[in-house]
Structure formats: structure tokens, C-alpha cells
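S.K.: predicted model and sequence follow; I will ask about them next.
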Amino acid sequence: MSNNLTINDAERILWELSDLDNETATLEQREQICTALEYLTSLADYHIFGVCADTVAEAMASLQKYTNHFHYQLPETDLPSINDGVYLKYNPRRLRYHCDNYKGNYRGVLLSFHTDFADGYSGTHGHFPLNLF
């Protein structure tokens, strides 16, 4: 895939490849997602992460991989023990977590892009595989 993406190209790729699960996402699809995410990241100022997983431990493991990839530190936290579907949201700007039960079918990561300026990129994409990175 060319690195000469436009915003429309990146959004189309992410739309088409959203909701792939961990087992069926091919290496090529993962690379396309990563290229599009990297491009949109270059236009944004920060992210907010939303993780839908079976357990808090699985959500935290995935969040750690995503935040490491995008160069964020995770503060220590004491989250509730949820083992029957969890939604974990993390805002690196505020260093805050939100954790709650999640009864939906999707498992994966939602990634919101935010900008401080009018000419930056804002948008939400996903769900992407928990083990993308």
C-alpha cells in the first residue's frame, strides 16, 4: 500500500476493515489498518481509546499494546473485576479510565482522534483487533 494516503483514503480503509476479529484479520489487512491509523495520527493531537473485551485483564493488555504503540503512558489504576464483557475507556490527556459492563457482541478497540486546531483531524474508527499491535 502506498504511503501517499489522503484523509478519504484512510477513512475508507478503516471503514472497510472495521470489526475484523483477532482470528480472521490477515497480515495484509492489519498492515492496511496500521498505515491508515498512522496517517490519521499524524494529523491529530491525541487519541482516546475504547476497548471492548471479555475481561478487564484482556482489555488492559490490549490497551497497553495500543498505548505503547502510540507513545502514551498508562497510570496505575484499580479497576473493578468484570469477567463477562467489559468496556474500558482511556483518555491519555486526563489520565483517566472509565470501566463498565459491556453486553455487546463486538470485541476490539475503538480509536478516537482529537485535535486542538481546526486544521487537524478528528474522528472515531473501529473496532480493530485487540491484538493489532
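M.R.: Looks like it arrived, so ask away.

S.K.: tell me where the model's unsure across this structure.
M.R.: 1-3 (pLDDT under 70).

S.K.: can you pull out the helices in it?
M.R.: Using DSSP state H, the helices of the chain run over 7-16, 27-43, 56-69.

S.K.: show me the contact partners of the shortest one.
M.R.: Contacts of helix 7-16 with the rest of the structure, by C-beta atoms under 8 Å, 6 or more residues apart in numbering, involve 5, 32-33, 35-37, 39-40, 43, 121, 123, 125-126. Backbone N, C-alpha and C define where each C-beta goes, glycine included.

S.K.: using PyMOL, define a selection of the buried residues within those residues.
M.R.: In PyMOL syntax, the buried subset of the contacts of helix 7-16 is picked out as below (16 or more other C-beta atoms under 10 Å):
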select buried, resi 5+32+33+35+36+37+39+40+121+123+125+126
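
S.K.: still on that earlier bit, would CSV of the helices of the chain with distance to residue 97 be doable?
M.R.: Supplementary listing: the helices of the chain in CSV, determined by distance: least, C-beta to C-beta, whole Å:
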stretch, distance to residue 97
helix 7-16, 24
helix 27-43, 21
helix 56-69, 9
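
S.K.: and those: which comes nearest residue 113?
M.R.: Closest approach to residue 113 among these (C-beta to C-beta): helix 27-43, 5.5 Å.

S.K.: what's that closest one packed up against?
M.R.: helix 7-16, strand 108-114, strand 123-128 (3 or more C-beta pairs under 8 Å, 6 or more residues apart in numbering; DSSP states H and E).
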